[in-house]
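Asker: take a look and give me a structure for this.
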Amino acid sequence: MDVEAVFGREGAVVGMVHLPALPGSPGYGGERRAVRERARADAAALAEGGCDAVLVENYGDAPYHPESVPAHVVAEMAAVVESVTGEVDLPHGVNVLRNDAEAALSVAAATGGSFVRVNVHTGTRATDQGVLEGRAHGTLRLRERLDADVAVLADVAVKHSGAVADRNLARLARETVDRGLADGLVVSGPTTGEAADGDHLRRVLDGRDDATRDVPVFVGSGVTADNAADLLELADGLVVGTALKRGGETAAPVERERVRALVEAAGRNR
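Answerer: As a prediction, the model looks like this:
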């Protein structure tokens, strides 16, 4: 995956569009139009603030389906993402929580998306949804069948999870690239909004550097205006959500001024 080719520059800043609960989820507010209006408004604020891409995620759908989501979730995601693409002219990606990579890939392919984020692409993680197993084999074969030019960004030791077995992070990162054929890696902190541990990031970077393919590494949580430039000294891009929201609250609307401040801070190394 060539970051500059996909996102238009090195050191890309990808802004999160955290969707409210979709129909069928316990927190759904009862109006599809409101979900889509919120998604468009957040995407517009990200674009106006200077983000290089948006990543649409069904954040409000807790408690999450562990792996395969129902068909109606895929349909709602596709409709919302299509609405977002009509609002902003930016590359977009899809993440279907908790770990439905095939749904994310299908939505991205149908809407002209450039990438998906997959929480557990290889290996096994213990989560609040149970034990999740990577299904790289199915995801990449589906991509071949769909003939979709969609990059797979795979988390390494994803947030809100723990190791099932003691695995060397550098080796896991290398295998996710060489054996899982991920197009990029994502490093996150322990939970949403928490910064990635510096040693964790360096070990993933070491594993990437030892792999037979050169792929970018993104920092996927805890990015702020204060640390963005420093993180881009090491990583190839940033995925940002919480720091761009009103009051720094993950579920709050995106604020354009917060986006602009972070993008400008990151710009020192872009």
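Asker: what's the longest helix in this protein?
Answerer: Identified as the longest helix of the chain according to DSSP state H is helix 32-49.
Asker: can you list the neighbours in contact with the helix or strand following it?
Answerer: Remark: after helix 32-49, the chain's next helix or strand is strand 53-57, criterion DSSP states H and E. Outside strand 53-57, the residues within contact range by C-beta atoms under 8 Å, 6 or more residues apart in numbering are 6-7, 12-19, 39, 43, 46-47, 77, 80-81, 84, 88, 90-97, 114-115, 117, 239. For every residue, glycine as well, the C-beta is placed using N, CA and C.
Asker: and the residues you listed, which of them are in strands?
Answerer: If you go by DSSP state E, the contacts of strand 53-57 have 12-18, 92-95, 115, 117, 239 in strands.
Asker: which one of those residues is nearest to Arg246?
Answerer: Checking the ones in strands among the contacts of strand 53-57 against Arg246 with C-beta to C-beta, the nearest one is His18 at 12.2 Å.
Asker: hmm, Arg202 is touching Leu231, no?
Answerer: No: assessed by C-beta atoms under 8 Å, Arg202 is found out of contact with Leu231, at 11.7 Å.
Asker: so between these two, which is more surrounded?
Answerer: Taking neighbours as other C-beta atoms under 10 Å, Arg202 and Leu231 compare with Leu231 leading, 23 against 14.
Asker: now do the contacts for the residue nearest to that one when sequence neighbours are not counted.
Answerer: Excluding the flanking residues, the one nearest Leu231 by C-beta to C-beta, 6 or more residues apart in numbering is Val219, at 5.0 Å. Counting by C-beta under 8 Å, 6+ apart, Val219 touches 186-188, 196, 201, 231, 235, 237-239.
Asker: just the ones in strands from those, please.
Answerer: Per DSSP E, the subset of the contacts of Val219 in strands is 186-187, 237-239.
Asker: from those residues, which is closest to Gly267?
Answerer: Distances from Gly267 to those, taken by C-beta to C-beta, are shortest for Leu238, at 11.5 Å.
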